[in-house]
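Enquirer: structure for the following, please:
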Amino acid sequence: MTCLHLGTSRAAAYDLGDFDWCFNTMPKVYDRAFEACVDANCTRISNKKVSQKRGCYQTCKGTAVDACL
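Expert: From the prediction side, this is the model:
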């Protein structure tokens, strides 16, 4: 299985093994942390500001991995 939220652009900050471990071991923790971060930080960003929105999602991916670790 693959988590749709996981991407390689945060690989510099986290080993891909951290993402894999988080998804395989604590998927609900990851999903809750990711969704909470997105709701708090990304939903107000206009869909027209694609790169800013993408950056927000990348930050939330890192936040979610932090919650697992």
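
Enquirer: quickly find the element holding the nearest residue to Cys37 once chain neighbours are set aside.
Expert: The shortest distance from Cys37 to any residue that is not its chain neighbour, by CB to CB, 6 or more residues apart in numbering, is 3.7 Å, and that residue is Cys60. (Glycine included, C-beta is placed from N, CA and C.) With the criterion set as DSSP states H and E, the secondary-structure element containing Cys60 is helix 50-68.

Enquirer: for that helix, packing partners?
Expert: In terms of contacts (3 or more CB pairs under 8 Å, 6 or more residues apart in numbering; DSSP states H and E), helix 50-68 is packed against helix 16-25, helix 27-41.

Enquirer: now do the end-to-end distance for stretch 17-32.
Expert: Taking CA to CA, to the nearest Å, stretch 17-32 runs 20 Å from one end to the other.

Enquirer: low-confidence ranges in the protein?
Expert: 1-14 (pLDDT under 70).

Enquirer: check the gap between the residue most central in space within it and Arg54 for me.
Expert: For the chain, Lys61 is the residue whose C-alpha lies nearest the centre (CA atoms, centre = their mean; 1.6 Å). Spatial separation of Lys61 from Arg54 under the definition CB to CB, to the nearest Å is 11 Å.

Enquirer: do the same with Arg32
Expert: When CB to CB is the yardstick, Arg32 and Arg54 sit 21 Å from each other.

Enquirer: tell me the SS of the residue with the largest distance to the centre of the chain?
Expert: In the chain, the greatest distance from the average C-alpha position (CA atoms, centre = their mean) is reached by Lys48, at 20.4 Å. Assigned by DSSP: H, G, I helix; E, B strand; the rest coil, the conformation of Lys48 is coil.

Enquirer: for it, give me phi and psi.
Expert: phi -70, psi -20 (degrees, to the nearest 10).

Enquirer: and the gap between it and Leu69?
Expert: When Lys48 is compared with Leu69 (using CB to CB), they lie 34 Å apart.
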